[in-house]
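[1] Sharing a sequence plus its predicted fold:
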Amino acid sequence: MSEISLKIVYFDSYSFNLETCELKKFGKQIPLRPKAARLLARLIAAEGEIISHEKLYSTIWGGRIVERQVGLHQLIRDIRSALKDSGESPQYLLNVPGIGYKFMRSGVSLAPQLLPARNRKMAFMTGFLSFPVLFVTYCLLVAPTA
């Protein structure tokens with residue numbers, strides 16, 4: 001049995017696919033560098049929890065040695081730029097000084113959809129077949145009195 005598995009998070013006019021790491025606004029894709037997209041996915045998947053700097057470094061760079069603070073801050077700036085967010089009055093990414101970051105989930109909905117192929121076909125057929133039933137009902141009940 002095949003399944004569709006969509007894990008898309010919706011917030012304001014944005015959507016973010018947690019599997020493909022695609023950010024969209026009003027359905028139009030917003031470019032994000034792969035590391036910035038992975039960072040955003042990690043923050044969103046944490047569902048409002050604060051993620052420490054160390055965990056974020058590990059997520060993005062693994063064991064590689066990089067100028068972590070600069071690299072992380074640049075990725076956060078990239079995400080904020082894509083989301084039209086600011087550090088002074090953040091709507092989406094909150095910096096918890098000395099600890100880490102969190103994605104603020106106000107107005108966010110997670111829409112996982114797991115529908116077996118058989119159920120998708122049944123849902124279509126039910127909707128498709130309901131029209132004739134409504135039409136016949138209308139003809140039998142309303143049309144004779146008109």
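    Yes, it's here. Numbering: from 1, shown residues only.
[2] Now do the same for Lys35: helix, strand or coil?
    Of the three states, Lys35 takes helix under DSSP: H, G, I helix; E, B strand; the rest coil.
[3] Near it, how many other residues are there?
    Counted with other Cβ atoms under 10 Å, the neighbours of Lys35 add up to 17. Backbone N, C-alpha and C define where each C-beta goes, glycine included.
[4] Would you agree it is in contact with Ile76?
    No: Lys35 lies out of contact with Ile76 (Cβ atoms under 8 Å); the separation is 11.0 Å.
[5] Which parts of the chain belong to which domain?
    Following automatic domain parsing, one finds the domains of the chain at 3-109, 117-145.
[6] What distance do you get for Ile30 to Val96?
    From Ile30 over to Val96 the distance is 25 Å, taken as Cβ to Cβ, to the nearest Å.
[7] Looking at those two, which is more packed in?
    Ranked by neighbour count (other Cβ under 10 Å), Ile30 and Val96 place Ile30 first, with 16 against 12.
[8] returning to that earlier point: among the domains of the chain, which gets the worst mean confidence?
    For the domains of the chain, the weakest mean pLDDT is recorded on domain 117-145, namely a mean of 53.
[9] Could I get the full set of strands for the chain?
    Along the chain, counting by DSSP state E, strands occupy 3-11, 14-17, 22-25, 28-30, 51-52, 93-96, 100-103, 108-116.
[10] Please name the strands paired to the fourth one in the sheet, noting orientation.
    Strand pairing for strand 28-30, using DSSP bridges, gives strand 22-25 (antiparallel).
[11] Touching the partner strand from outside, list them.
    With contacts defined as Cβ atoms under 8 Å, 6 or more residues apart in numbering, strand 22-25 is touched by Ser13, Tyr14, Ser15, Phe16, Gln29, Ile30, Leu32, Ala37, Leu40, Ala82, Leu83.
[12] now with 7 Å?
    For strand 22-25, contacts defined as Cβ atoms under 7 Å, 6 or more residues apart in numbering pick out Ser13, Tyr14, Ser15, Phe16, Gln29, Ile30, Leu32, Ala37, Leu40, Ala82.
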